[in-house]
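Visitor: Please work out how this folds:
(chains A and B)
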Amino acid sequence: MIQYVKGIWESRYFWMHLVFSDLRSRWSRSFFGILWAIIQPLGLALMLSVVLGRMFKLDVAEYVPYILSGVLIWSFVISTITGGALAFVQSGPYIKQCRHPLAIYTLRTVIVTLAIEALASVSLICWILVLKPENFGWTWLAILSVYPLLVVVAWPTTTFFAYIGVRFRDVQHLLGLVLQALWFISPIYFRPEMFRNGGLNFLVDYNPVYHLLEIIRAPLLRGEWPTFENYSYCIGLAILGFILAWATGRRAEKRVIYYL
Amino acid sequence: MKADIYLNNINMYYSSSAFRENSIKSFVENLMKRGRCKHEIIDIHALKNISLEIKCGERVGLLGPNGAGKSSFLKMVAGLYPIASGERIVTGTIRALFDLSLGFEPDATGRDNILYRGLLLGMSPKAMREIEGDIIDFADIGEFIDYPIKTYSAGMMVRLAFAISTSIGGDLLLLDEIMGAGDASFREKAKRRISGLIDNAEILVFASHDIGSLTSICQRGVVFHHGEVIFDGDIGPAIEEYKHVNGLI
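Guide: Numbering: from 1, shown residues only, chains lettered A, B, ... in the order given. Take a look at the predicted model:
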């Protein structure tokens, strides 16, 4: 285990290079370039808030940051998990040639996605600062904690799926379906009250996605600290992911090369 | 640290589940075909009971026809493939030259690619900047070094890859059939370069069909046949044995 972590540290120049080259190639030759990271989620959130806001009779100016925070976190979850499931397959040429710890290839996916979401969150923060400046305060420090939290939750989980995904290529498609279902029963675009009014409290209270979203929604949208419960759910999820990844990786790490 | 390779009774398989088709289509096909005789795909026993010791300072040539286990042996020593049974102890940093064109980014310039490939091989950016000049001199592809790799001809690509890979030394050098790179003049240069690299490495294991370079580089020869070592000794007798087994004389 210590040896493994050491390997990740020793290959840091290599995976950091992969991260930067992914980011560079993402926006090369496009006119807006890196701005797309900001425009895309903001545009989606605006469209959704206008439509859903009308449907549910909500104040659009208030609803936009709610949806935008949902879009940011949810697109992070989708891209890391579905992209990460194929991480080993895509890095096949490297794996066949050099013996680096395999977790660096999922770390690459996680960090690239995180960098994009961090950039996109600029629009969310600006929106609140302009339209709801009274929310600004010490509680915003909690927002910073979301970045390491996302890494510790997403990294082991994607590594687990990557081990399985390299053997069973169906996993990626299956995950797409499962995530779609999870999206539908989570307060990502819909407000928690809608679930509670329908007597579906458990879909909010026991839903890790809700708790993860609360880490940024509580300070940004209400000027409050996230609760201890919010953090416990996130850390619990990270530990679960770690155990799954470790248990699978113990046997699978060496065998991955056969399936490439 | 002294480089050392110790292998005791090693068996290695290529798992058949990896290349057997694993889709719903093949599953249904198998159901329909049940009972009918079918060519069965089984695990490939790539290395059989290999016991070898290579000490610091040895230059070992691997001989054998295609599919005899030379490349599998090198990849096993490099630690890329897991072994099914036996003991494998390798000390020292491994530098393996298997696939020269790996790790190139087609849109980046040759100069950038020197850095990228170095990072893949575990170098730091600082160390790579120091040897960048040497690599460019050796590759000798003129102003193309500042052009994207995708504009290169195959020969230029090989030159650059070869220059980079051989600039980064290691204690254990594993070479797999790479002498055939480039045109005649580059080949001469490459040969000199390899011998320089070999002088600096503590252990060299070299798989080749080129009897000439094997005799000039190696003292010890190991002959593979169907995944087994059938001869291990001085290079001269090893070549005789290799020719004898394969009906070349």
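
Visitor: When you work out contacts or count neighbours from here on, use the C-alpha atoms and nothing else.
Guide: Noted.

Visitor: Check which helices and strands the longest helix along chain B sits against.
Guide: Scanning chain B for the longest helix, with DSSP state H as the assignment, gives helix B:184-200. Counting contacts by 3 or more Cα pairs under 8 Å, 6 or more residues apart in numbering or on different chains; DSSP states H and E, helix B:184-200 is packed against helix B:154-167.

Visitor: Show me which residues of whichever strand or helix holds B:His244 are buried.
Guide: Element membership of B:His244 [criterion: DSSP states H and E] is helix B:235-245. For helix B:235-245, burial by neighbour count (16 or more other Cα atoms under 10 Å in any protein chain shown) applies to B:Ile235, B:Ala238, B:Ile239, B:Glu241, B:Tyr242.

Visitor: Can you identify the element that follows the longest helix of chain B toward the C-terminus?
Guide: Following helix B:184-200 in sequence, per DSSP H and E, is strand B:203-207.

Visitor: In the helix or strand following that next one, which residues are buried?
Guide: On the C-terminal side of strand B:203-207, the nearest following helix or strand under DSSP H and E is helix B:211-217. Neighbour-count burial for helix B:211-217 flags B:Leu214, B:Thr215, B:Ile217 (criterion: 16+ other Cα under 10 Å).

Visitor: What average pLDDT does helix B:211-217 get?
Guide: Mean per-residue pLDDT for helix B:211-217: 80.

Visitor: next one: stretch B:75-84
Guide: 86.

Visitor: Quick one: distance of it to the chain centre.
Guide: 12 Å (Cα atoms, centre = their mean, to the nearest Å).

Visitor: where does chain B dip in pLDDT?
Guide: Within chain B, the ranges that satisfy pLDDT under 70 run B:1, B:17-24, B:26-27, B:33-41, B:99-103, B:169, B:178-183, B:249.

Visitor: can you map out the helices along it?
Guide: Here chain B has its helices, by DSSP H, at B:24-33, B:70-77, B:110-120, B:125-139, B:154-167, B:184-200, B:211-217, B:235-245.

Visitor: swap in chain A?
Guide: Under DSSP H, chain A gives helices at A:2-10, A:12-27, A:36-56, A:60-84, A:87-90, A:92-95, A:103-131, A:141-144, A:146-167, A:171-184, A:192-197, A:201-205, A:208-222, A:228-255.

Visitor: Near chain B, which residues of the stretch 1-150 of chain A are found?
Guide: A:Glu10, A:Ser11, A:Tyr13, A:Phe14, A:His17, A:Pro93, A:Tyr94, A:Lys96, A:Gln97, A:Cys98, A:Arg99 (Cα under 8 Å from any Cα of the partner chain).

Visitor: One more pass at 6 Å, please.
Guide: Within the stretch 1-150 of chain A, the positions adjacent to chain B are A:Ser11, A:Tyr13, A:Phe14 by Cα under 6 Å from any Cα of the partner chain.

Visitor: which one of those is nearest chain B?
Guide: Checking the residues of the stretch 1-150 of chain A next to chain B against chain B with Cα to the nearest Cα, the nearest one is A:Phe14 at 4.8 Å.

Visitor: what about the closest one, neighbour count?
Guide: Using other Cα atoms under 10 Å in any protein chain shown, A:Phe14 has 24 other residues around it.

Visitor: who's in contact with it?
Guide: Neighbouring residues of A:Phe14 by Cα atoms under 6 Å, 6 or more residues apart in numbering or on different chains: B:Leu119, B:Leu120.

Visitor: Show the pLDDT at it.
Guide: pLDDT at A:Phe14 comes out at 87.

Visitor: Distance of it relative to B:Phe104?
Guide: Distance of A:Phe14 to B:Phe104, given as Cα to Cα, to the nearest Å: 13 Å.

Visitor: Please apply the same query to A:Met194.
Guide: Remark: distance between A:Met194 and B:Phe104 (Cα to Cα) = 52 Å.

Visitor: of the two, who's got more company?
Guide: Ranked by neighbour count (other Cα under 10 Å), A:Met194 and B:Phe104 place B:Phe104 first, with 19 against 13.

Visitor: what's the closest non-adjacent residue to the more buried one?
Guide: Distances taken as Cα to Cα, 6 or more residues apart in numbering or on different chains place B:Asn113 nearest to B:Phe104, at 6.0 Å, with adjacent residues excluded.

Visitor: repeat for B:Gly92
Guide: Closest to B:Gly92 by Cα to Cα, 6+ apart is B:Ala3, at 4.6 Å.

Visitor: The one you found: how many residues sit nearby?
Guide: Using other Cα under 10 Å, B:Ala3 has 19 neighbouring residues.

Visitor: Can you list phi and psi of it for me?
Guide: phi -80, psi 140 (degrees, to the nearest 10).

Visitor: show me what contacts it?
Guide: B:Cys56, B:Thr91, B:Gly92.

Visitor: for the last one, phi and psi?
Guide: In this case it means B:Gly92. Phi and psi for B:Gly92, reported as degrees, to the nearest 10, are phi 110, psi 160.

Visitor: Could you check how far it is from chain A?
Guide: Per Cα to the nearest Cα, to the nearest Å, B:Gly92 is found 14 Å from chain A.

Visitor: Repeat that for the second one.
Guide: B:Thr91 sits 15 Å away from chain A, going by Cα to the nearest Cα.

Visitor: What is the neighbour count of that residue?
Guide: 13.

Visitor: rewinding a little: filter the buried residues of helix B:235-245 by proximity to chain A?
Guide: Among those, chain A is touched by none when using Cα under 6 Å from any Cα.

Visitor: of all the residues you listed, which comes closest to B:Leu121?
Guide: Nearest to B:Leu121 among these, counting by Cα to Cα, is B:Ile235 at 30.8 Å.

Visitor: show me what contacts that closest one?
Guide: Neighbour list for B:Ile235: B:Gln219, B:Arg220, B:Gly221 [criterion: Cα under 6 Å, 6+ apart].

Visitor: I figured the second one hits B:Val60, correct?
Guide: Yes. With contact defined as Cα atoms under 6 Å, B:Arg220 counts as touching B:Val60 (4.8 Å).

Visitor: So those two - more neighbours on which side?
Guide: Comparing B:Arg220 with B:Val60 by other Cα under 10 Å, the one with more neighbours is B:Val60, at 24 against 21.

Visitor: for chain A, what are the nearby residues on chain B?
Guide: B:Ala18, B:Pro82, B:Leu119, B:Leu120, B:Gly122.

Visitor: which two from those end up farthest apart in space?
Guide: B:Ala18 and B:Leu119 (29.7 Å).

Visitor: quick one: which of those two has more around it?
Guide: Neighbours per residue (other Cα under 10 Å) separate B:Ala18 from B:Leu119, with B:Leu119 holding more: 23 against 17.

Visitor: tell me the contacts of the more buried one?
Guide: A:Tyr13, A:Phe14.

Visitor: which phi and psi does A:Cys98 have?
Guide: phi -130, psi 140.
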